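Enquirer: what follows is a protein structure lacking sequence information:
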(Lines give C-alpha, C1' and ligand atoms only; values in the text may rest on other atoms or scores of the structure.)
Protein backbone atom coordinates (compact mmCIF):
# COMPACT_ATOMS: atom_id res chain seq x y z
CA UNK A 1 0.00 0.00 0.00
CA UNK A 2 2.79 2.42 0.90
CA UNK A 3 4.33 2.05 -2.56
CA UNK A 4 1.25 3.81 -3.97
CA UNK A 5 2.01 7.03 -2.08
CA UNK A 6 5.75 6.90 -1.34
CA UNK A 7 6.84 8.63 -4.57
CA UNK A 8 4.31 11.47 -4.45
CA UNK A 9 6.11 14.77 -5.01
CA UNK A 10 6.09 17.18 -2.08
CA UNK A 11 7.08 20.85 -2.23
CA UNK A 12 7.35 22.60 1.12
CA UNK A 13 7.98 26.32 1.44
CA UNK A 14 6.99 26.95 5.05
CA UNK A 15 4.91 25.67 7.92
CA UNK A 16 2.92 27.02 10.85
CA UNK A 17 1.55 25.69 14.12
CA UNK A 18 -2.02 26.42 15.23
CA UNK A 19 -3.03 25.83 18.88
CA UNK A 20 -6.43 24.32 19.61
CA UNK A 21 -8.08 23.83 22.99
CA UNK A 22 -11.39 22.66 24.38
CA UNK A 23 -12.52 22.89 28.01
CA UNK A 24 -13.96 19.45 28.68
CA UNK A 25 -14.56 20.16 32.37
CA UNK A 26 -13.28 22.58 35.03
CA UNK A 27 -10.50 20.05 35.70
CA UNK A 28 -9.56 19.13 32.11
CA UNK A 29 -8.73 21.34 29.15
CA UNK A 30 -7.74 19.37 26.03
CA UNK A 31 -4.97 20.95 23.92
CA UNK A 32 -3.71 19.88 20.50
CA UNK A 33 -1.66 21.50 17.73
CA UNK A 34 -2.47 21.68 14.02
CA UNK A 35 0.58 21.46 11.74
CA UNK A 36 0.09 23.39 8.50
CA UNK A 37 2.61 22.64 5.74
CA UNK A 38 2.52 25.04 2.78
CA UNK A 39 3.92 24.85 -0.72
CA UNK A 40 3.10 25.42 -4.38
CA UNK A 41 -0.09 27.29 -3.47
CA UNK A 42 -1.47 24.45 -1.33
CA UNK A 43 -1.67 23.58 2.35
CA UNK A 44 -1.51 20.22 4.09
CA UNK A 45 -2.79 19.72 7.62
CA UNK A 46 -2.17 17.27 10.43
CA UNK A 47 -2.72 17.26 14.20
CA UNK A 48 -0.41 16.58 17.13
CA UNK A 49 -2.64 14.83 19.67
CA UNK A 50 -0.10 14.60 22.51
CA UNK A 51 -2.07 14.69 25.76
CA UNK A 52 0.26 16.54 28.12
CA UNK A 53 -0.46 20.32 28.10
CA UNK A 54 3.17 21.14 28.86
CA UNK A 55 4.29 19.27 25.72
CA UNK A 56 1.77 21.13 23.60
CA UNK A 57 2.76 24.49 25.05
CA UNK A 58 6.47 23.80 24.47
CA UNK A 59 5.82 22.75 20.86
CA UNK A 60 3.76 25.84 20.14
CA UNK A 61 6.26 28.15 21.85
CA UNK A 62 9.13 26.68 19.86
CA UNK A 63 7.35 27.58 16.63
CA UNK A 64 8.17 26.51 13.05
CA UNK A 65 11.93 26.06 13.48
CA UNK A 66 12.48 22.70 11.74
CA UNK A 67 14.29 22.76 8.34
CA UNK A 68 11.45 21.26 6.30
CA UNK A 69 11.52 23.52 3.22
CA UNK A 70 12.55 21.95 -0.06
CA UNK A 71 11.61 19.45 -2.75
CA UNK A 72 10.84 15.98 -1.45
CA UNK A 73 8.97 12.82 -2.16
CA UNK A 74 6.64 11.69 0.59
CA UNK A 75 9.14 8.96 1.44
CA UNK A 76 12.21 11.22 1.45
CA UNK A 77 10.34 13.67 3.70
CA UNK A 78 9.67 10.81 6.12
CA UNK A 79 13.38 9.98 6.07
CA UNK A 80 14.13 13.64 6.83
CA UNK A 81 11.92 13.45 9.91
CA UNK A 82 14.02 10.48 11.07
CA UNK A 83 16.98 12.85 11.34
CA UNK A 84 15.24 15.77 13.04
CA UNK A 85 14.62 16.42 16.73
CA UNK A 86 10.84 16.58 16.87
CA UNK A 87 11.04 16.42 20.69
CA UNK A 88 14.02 18.57 21.77
CA UNK A 89 13.28 17.93 25.45
CA UNK A 90 11.49 14.59 25.08
CA UNK A 91 7.76 13.97 25.74
CA UNK A 92 6.34 13.92 29.26
CA UNK A 93 5.31 10.30 28.63
CA UNK A 94 7.34 8.23 26.19
CA UNK A 95 4.33 6.65 24.49
CA UNK A 96 3.42 10.13 23.18
CA UNK A 97 6.53 10.26 20.97
CA UNK A 98 4.90 8.98 17.72
CA UNK A 99 2.03 11.47 17.97
CA UNK A 100 4.06 14.45 16.80
CA UNK A 101 5.62 12.44 13.99
CA UNK A 102 2.12 11.56 12.79
CA UNK A 103 1.12 15.24 12.78
CA UNK A 104 3.91 16.03 10.29
CA UNK A 105 3.46 12.83 8.26
CA UNK A 106 -0.32 13.22 7.90
CA UNK A 107 0.13 16.89 6.93
CA UNK A 108 2.73 15.87 4.34
CA UNK A 109 0.42 13.20 2.92
CA UNK A 110 -2.39 15.75 2.68
CA UNK A 111 -0.14 18.33 1.00
CA UNK A 112 1.40 15.87 -1.45
CA UNK A 113 -2.05 14.64 -2.52
CA UNK A 114 -3.38 18.19 -2.91
CA UNK A 115 -0.36 19.14 -4.99
CA UNK A 116 -1.01 16.04 -7.10
CA UNK A 117 -4.70 16.99 -7.45
CA UNK A 118 -5.94 13.64 -6.12
CA UNK A 119 -7.67 12.28 -2.99
CA UNK A 120 -6.18 9.47 -0.92
CA UNK A 121 -8.80 6.87 -1.84
CA UNK A 122 -8.14 7.23 -5.56
CA UNK A 123 -4.39 6.93 -5.16
CA UNK A 124 -4.55 3.77 -3.04
CA UNK A 125 -7.50 2.32 -4.94
CA UNK A 126 -10.09 1.84 -2.18
CA UNK A 127 -13.72 2.93 -2.10
CA UNK A 128 -14.87 5.08 0.85
CA UNK A 129 -17.92 3.59 2.59
CA UNK A 130 -20.19 4.83 5.42
CA UNK A 131 -18.46 4.58 8.79
CA UNK A 132 -20.00 2.79 11.76
CA UNK A 133 -18.95 4.43 15.02
CA UNK A 134 -19.33 4.04 18.76
CA UNK A 135 -19.14 6.61 21.54
CA UNK A 136 -16.24 6.16 23.93
CA UNK A 137 -16.57 7.21 27.55
CA UNK A 138 -15.64 6.60 31.15
CA UNK A 139 -18.34 6.28 33.79
CA UNK A 140 -16.75 8.29 36.60
CA UNK A 141 -15.44 7.29 40.01
CA UNK A 142 -17.36 5.76 41.57
CA UNK A 143 -18.80 4.50 38.31
CA UNK A 144 -22.39 5.32 37.36
CA UNK A 145 -24.63 4.39 34.45
CA UNK A 146 -25.92 7.97 34.23
CA UNK A 147 -23.61 9.08 31.35
CA UNK A 148 -24.79 6.16 29.23
CA UNK A 149 -28.44 6.80 30.06
CA UNK A 150 -28.17 10.48 29.11
CA UNK A 151 -26.84 9.62 25.69
CA UNK A 152 -29.26 6.74 25.07
CA UNK A 153 -32.19 8.96 25.97
CA UNK A 154 -31.09 11.32 23.20
CA UNK A 155 -29.83 8.69 20.72
CA UNK A 156 -31.44 5.30 21.43
CA UNK A 157 -29.41 3.47 18.76
CA UNK A 158 -26.02 4.72 19.95
CA UNK A 159 -23.38 2.08 20.72
CA UNK A 160 -20.54 2.39 23.23
CA UNK A 161 -16.91 1.66 23.96
CA UNK A 162 -16.56 1.81 27.74
CA UNK A 163 -13.61 1.77 30.15
CA UNK A 164 -14.35 -0.64 33.02
CA UNK A 165 -12.72 0.17 36.36
CA UNK A 166 -12.55 -1.64 39.67
CA UNK A 167 -15.55 0.36 40.95
CA UNK A 168 -17.82 -1.41 38.45
CA UNK A 169 -20.01 -3.59 40.66
CA UNK A 170 -22.52 -6.27 39.68
CA UNK A 171 -25.46 -3.86 39.79
CA UNK A 172 -23.82 -1.44 37.36
CA UNK A 173 -22.75 -4.23 35.04
CA UNK A 174 -26.25 -5.67 34.92
CA UNK A 175 -27.70 -2.23 34.18
CA UNK A 176 -25.26 -1.85 31.29
CA UNK A 177 -26.06 -5.33 30.01
CA UNK A 178 -29.75 -4.42 29.85
CA UNK A 179 -28.99 -1.55 27.48
CA UNK A 180 -27.62 -3.99 24.90
CA UNK A 181 -25.47 -1.12 23.65
CA UNK A 182 -21.93 -2.06 24.68
CA UNK A 183 -19.62 -3.14 21.85
CA UNK A 184 -16.16 -2.78 23.39
CA UNK A 185 -14.65 -2.91 26.88
CA UNK A 186 -11.31 -1.11 27.13
CA UNK A 187 -9.49 -2.44 30.20
CA UNK A 188 -6.62 0.08 29.88
CA UNK A 189 -4.20 -2.56 31.15
CA UNK A 190 -1.41 -1.46 28.80
CA UNK A 191 -1.28 2.13 30.10
CA UNK A 192 1.42 3.14 32.56
CA UNK A 193 1.81 6.54 34.19
CA UNK A 194 -1.36 8.09 32.76
CA UNK A 195 -4.59 9.33 34.41
CA UNK A 196 -6.53 6.40 32.92
CA UNK A 197 -4.33 3.53 34.16
CA UNK A 198 -6.29 0.51 35.34
CA UNK A 199 -4.36 -2.16 37.20
CA UNK A 200 -4.83 -5.85 36.44
CA UNK A 201 -7.97 -6.92 38.30
CA UNK A 202 -9.03 -10.56 37.82
CA UNK A 203 -12.38 -9.96 39.53
CA UNK A 204 -13.22 -7.09 37.20
CA UNK A 205 -12.00 -9.02 34.15
CA UNK A 206 -14.14 -12.05 35.00
CA UNK A 207 -17.17 -9.89 35.76
CA UNK A 208 -17.20 -8.04 32.44
CA UNK A 209 -16.00 -10.90 30.23
CA UNK A 210 -18.88 -13.11 31.35
CA UNK A 211 -21.51 -10.37 31.44
CA UNK A 212 -20.78 -9.11 27.91
CA UNK A 213 -20.19 -12.27 25.85
CA UNK A 214 -20.27 -10.42 22.51
CA UNK A 215 -18.12 -7.41 23.39
CA UNK A 216 -14.51 -6.92 22.36
CA UNK A 217 -12.09 -6.96 25.32
CA UNK A 218 -9.33 -4.42 24.70
CA UNK A 219 -5.87 -4.10 26.28
CA UNK A 220 -6.05 -6.42 29.28
CA UNK A 221 -3.00 -6.67 31.52
CA UNK A 222 -2.18 -10.37 31.31
CA UNK A 223 -0.72 -11.66 34.57
CA UNK A 224 -0.65 -14.99 36.38
CA UNK A 225 -4.01 -14.05 37.89
CA UNK A 226 -5.76 -12.52 34.86
CA UNK A 227 -4.55 -14.73 32.01
CA UNK A 228 -6.48 -17.84 33.17
CA UNK A 229 -9.60 -15.69 33.63
CA UNK A 230 -9.45 -14.40 30.05
CA UNK A 231 -8.13 -17.49 28.29
CA UNK A 232 -11.63 -18.72 27.32
CA UNK A 233 -12.30 -15.30 25.79
CA UNK A 234 -9.13 -14.90 23.71
CA UNK A 235 -11.05 -14.69 20.45
CA UNK A 236 -12.50 -11.40 21.72
CA UNK A 237 -9.26 -9.90 23.08
CA UNK A 238 -7.98 -6.96 21.06
CA UNK A 239 -4.97 -4.68 21.44
CA UNK A 240 -4.53 -0.94 21.08
CA UNK A 241 -1.85 0.80 23.17
CA UNK A 242 0.92 -1.74 22.40
CA UNK A 243 0.42 -1.52 18.61
CA UNK A 244 2.85 0.78 16.78
CA UNK A 245 4.11 -1.49 13.99
CA UNK A 246 3.90 -4.89 12.32
CA UNK A 247 6.56 -6.20 14.70
CA UNK A 248 4.34 -5.25 17.65
CA UNK A 249 1.51 -7.30 16.14
CA UNK A 250 3.83 -10.25 15.62
CA UNK A 251 5.07 -9.96 19.20
CA UNK A 252 1.66 -10.24 20.88
CA UNK A 253 1.23 -13.10 23.37
CA UNK A 254 -1.12 -14.93 20.97
CA UNK A 255 -2.33 -14.27 17.41
CA UNK A 256 -5.04 -11.60 17.49
CA UNK A 257 -8.37 -11.89 15.76
CA UNK A 258 -8.92 -8.11 15.80
CA UNK A 259 -6.91 -4.96 16.62
CA UNK A 260 -7.61 -1.30 17.35
CA UNK A 261 -5.53 0.95 15.08
CA UNK A 262 -4.82 4.51 16.23
CA UNK A 263 -2.86 6.08 13.33
CA UNK A 264 -1.05 8.48 15.66
CA UNK A 265 0.50 5.52 17.50
CA UNK A 266 2.23 4.39 14.30
CA UNK A 267 3.91 7.74 13.73
CA UNK A 268 4.68 7.28 10.04
CA UNK A 269 2.49 6.69 7.00
CA UNK A 270 4.71 3.74 6.09
CA UNK A 271 4.27 2.02 9.46
CA UNK A 272 0.50 2.45 9.32
CA UNK A 273 0.03 1.25 5.76
CA UNK A 274 2.42 -1.67 6.28
CA UNK A 275 0.27 -2.72 9.25
CA UNK A 276 -2.90 -2.49 7.13
CA UNK A 277 -1.18 -4.70 4.54
CA UNK A 278 -0.09 -7.21 7.16
CA UNK A 279 -3.52 -7.49 8.75
CA UNK A 280 -5.07 -7.97 5.33
CA UNK A 281 -2.67 -10.81 4.56
CA UNK A 282 -3.16 -12.45 7.97
CA UNK A 283 -6.94 -11.93 8.02
CA UNK A 284 -6.82 -9.85 11.19
CA UNK A 285 -9.78 -7.55 11.68
CA UNK A 286 -9.32 -3.86 12.50
CA UNK A 287 -11.38 -1.11 14.05
CA UNK A 288 -10.26 2.48 14.37
CA UNK A 289 -9.56 4.50 17.48
CA UNK A 290 -9.39 8.19 18.29
CA UNK A 291 -7.20 10.37 20.47
CA UNK A 292 -9.67 13.12 21.43
CA UNK A 293 -8.73 15.11 18.33
CA UNK A 294 -9.95 18.71 18.22
CA UNK A 295 -9.09 19.49 14.60
CA UNK A 296 -8.38 17.75 11.27
CA UNK A 297 -7.04 14.62 12.91
CA UNK A 298 -10.59 13.47 13.65
CA UNK A 299 -11.63 13.65 10.03
CA UNK A 300 -8.47 11.84 8.95
CA UNK A 301 -9.16 8.83 11.17
CA UNK A 302 -12.78 8.79 9.94
CA UNK A 303 -11.39 8.79 6.37
CA UNK A 304 -9.15 5.80 7.14
CA UNK A 305 -12.03 3.96 8.79
CA UNK A 306 -14.17 4.53 5.70
CA UNK A 307 -11.48 2.87 3.56
CA UNK A 308 -10.20 0.01 5.70
CA UNK A 309 -12.82 -0.99 8.30
CA UNK A 310 -16.12 0.86 7.80
CA UNK A 311 -18.38 -1.76 9.40
CA UNK A 312 -16.47 -2.21 12.66
CA UNK A 313 -17.19 -0.50 16.02
CA UNK A 314 -14.90 2.41 15.24
CA UNK A 315 -14.10 4.81 18.07
CA UNK A 316 -14.22 7.75 15.64
CA UNK A 317 -17.48 9.47 16.59
CA UNK A 318 -17.84 13.16 15.67
CA UNK A 319 -16.13 15.42 18.20
CA UNK A 320 -19.36 16.52 19.90
CA UNK A 321 -19.73 13.00 21.27
CA UNK A 322 -16.83 13.79 23.62
CA UNK A 323 -19.01 16.28 25.49
CA UNK A 324 -20.58 15.30 28.77
CA UNK A 325 -24.11 16.06 27.57
CA UNK A 326 -25.69 15.23 24.21
CA UNK A 327 -26.76 17.98 21.86
CA UNK A 328 -29.71 17.62 19.47
CA UNK A 329 -29.11 17.00 15.80
CA UNK A 330 -25.73 15.25 15.98
CA UNK A 331 -24.74 12.97 13.08
CA UNK A 332 -25.61 9.36 13.80
CA UNK A 333 -23.90 6.12 12.84
CA UNK A 334 -23.05 5.31 10.10
CA UNK A 335 -21.38 8.50 8.87
CA UNK A 336 -21.74 9.12 5.15
CA UNK A 337 -18.40 9.79 3.42
CA UNK A 338 -17.60 13.51 3.38
CA UNK A 339 -14.43 13.63 1.32
CA UNK A 340 -12.54 16.54 -0.15
CA UNK A 341 -11.81 16.40 -3.87
CA UNK A 342 -8.07 16.25 -3.13
CA UNK A 343 -5.86 15.39 -0.19
CA UNK A 344 -6.22 13.46 3.03
CA UNK A 345 -9.29 15.16 4.48
CA UNK A 346 -12.78 14.25 5.61
CA UNK A 347 -14.45 17.30 4.14
CA UNK A 348 -12.96 20.79 4.43
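Expert: Arrived safely. On a predicted model such as this, the values are computed, not experimentally measured, just so you know.
Enquirer: top helix in this structure by residue count?
Expert: Determined from DSSP state H, the single longest helix within the chain is helix 97-116.
Enquirer: helices or strands up against the next helix or strand after it?
Expert: Using DSSP states H and E, the helix or strand that follows helix 97-116 in sequence is helix 120-124. Contacts defined by 3 or more CB pairs under 8 Å, 6 or more residues apart in numbering; DSSP states H and E place helix 120-124 against helix 3-6, helix 97-116, helix 296-308. All C-beta atoms are positioned from the backbone trio N, CA, C, and that covers glycine.
Enquirer: not counting sequence-adjacent ones, nearest residue to residue 196?
Expert: residue 188 (5.3 Å; CB to CB, 6 or more residues apart in numbering).
Enquirer: the one you found and residue 168: what is the separation?
Expert: 13 Å (CB to CB, to the nearest Å).
Enquirer: name the residues of stretch 2-20 that are buried.
Expert: Buried residues in stretch 2-20, counted by 16 or more other CB atoms under 10 Å: 2, 5, 6, 8, 10, 11, 12, 15, 17, 20.
Enquirer: okay, those in TSV with distance to residue 139 and pLDDT next?
Expert: Putting these into TSV (distance: CB to CB, whole Å; pLDDT from 0 to 100) gives the following:
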residue	distance to residue 139	pLDDT
2	39	98
5	40	98
6	44	98
8	44	98
10	44	98
11	48	98
12	45	98
15	40	98
17	35	98
20	27	97
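Enquirer: hang on, the earlier thing: and the longest helix of the chain, how far out from the chain middle?
Expert: 15 Å (CA atoms, centre = their mean, to the nearest Å).
Enquirer: now the angle from it to helix 296-308?
Expert: With axes from the mean of the first three to the mean of the last three CA atoms, to 10 degrees applied, the angle from helix 97-116 to helix 296-308 works out at 70 degrees.
Enquirer: buried ones in helix 97-116, by neighbour count?
Expert: Neighbour count says helix 97-116 has 97-116 buried, by 16+ other CB under 10 Å.
Enquirer: got it, and stretch 122-141?
Expert: Quick answer for stretch 122-141 (16+ other CB under 10 Å): 122-124, 128-129, 131-137, 139.
Enquirer: just to be sure, which of those are found in strands?
Expert: Using DSSP state E, the members of the buried residues of stretch 122-141 that fall within strands are 135, 136, 137.
Enquirer: tell me which of the residues you listed is nearest to residue 64?
Expert: residue 136 (32.6 Å; CB to CB).
Enquirer: need the contact list for the closest one.
Expert: 160, 161, 162, 163, 186, 290, 315, 317, 321 (CB atoms under 8 Å, 6 or more residues apart in numbering).
Enquirer: would you list those in a markdown table and tack on neighbour count, pLDDT and distance to residue 219?
Expert: Compiled in a markdown table, the contacts of residue 136 are given as follows (neighbours: other CB atoms under 10 Å; pLDDT from 0 to 100; distance: CB to CB, whole Å):
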| residue | neighbour count | pLDDT | distance to residue 219 |
| --- | --- | --- | --- |
| 160 | 24 | 97 | 16 |
| 161 | 25 | 97 | 12 |
| 162 | 25 | 97 | 13 |
| 163 | 19 | 95 | 10 |
| 186 | 26 | 96 | 6 |
| 290 | 24 | 93 | 15 |
| 315 | 26 | 97 | 12 |
| 317 | 26 | 96 | 19 |
| 321 | 21 | 94 | 21 |
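Enquirer: can you add secondary structure and give those back as TSV?
Expert: TSV is the format used below for the contacts of residue 136 (DSSP: H, G, I helix; E, B strand; the rest coil):
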residue	secondary structure
160	strand
161	strand
162	strand
163	coil
186	strand
290	coil
315	coil
317	coil
321	helix
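Enquirer: out of the residues you listed, which one sits closest to residue 82?
Expert: residue 290 (26.4 Å).
Enquirer: ok, the closest one touching residue 298?
Expert: Yes - with contact defined as CB atoms under 8 Å, residue 290 and residue 298 form a contacting pair (6.6 Å).
Enquirer: between these two, what contacts are shared?
Expert: If you check residue 290 and residue 298 against CB under 8 Å, 6+ apart, the residues they both contact are residue 316.
Enquirer: state the next helix or strand along the chain beyond the host helix or strand of residue 280.
Expert: Assigned by DSSP H and E, residue 280 falls within helix 269-282. Next helix or strand after helix 269-282 toward the C-terminus (DSSP H and E): strand 285-288.
Enquirer: hmm, who's touching that following strand?
Expert: 184, 216, 238, 257-262, 276, 279, 301-302, 304-305, 308-309, 312-316.
Enquirer: residue 16 in helix, strand or coil?
Expert: strand.
Enquirer: residue 237 pairs with what?
Expert: Here residue 237 sits in beta bridges with residue 217, as judged by DSSP bridges.
Enquirer: where does residue 284 fall, phi/psi-wise?
Expert: Per-residue torsions, residue 284: phi -100, psi 130 (degrees, to the nearest 10).
Enquirer: so who does it touch?
Expert: 249, 255, 256, 257, 258, 259, 278.
Enquirer: from those residues, which ones fall inside helices?
Expert: Going by DSSP H, the helices hold 249, 278 from the contacts of residue 284.
Enquirer: quick one: which of the contacts of residue 284 sit in strands?
Expert: 258, 259.
Enquirer: just for the stretch 201-348 of the chain, where's the confidence low?
Expert: 348 (pLDDT under 70).
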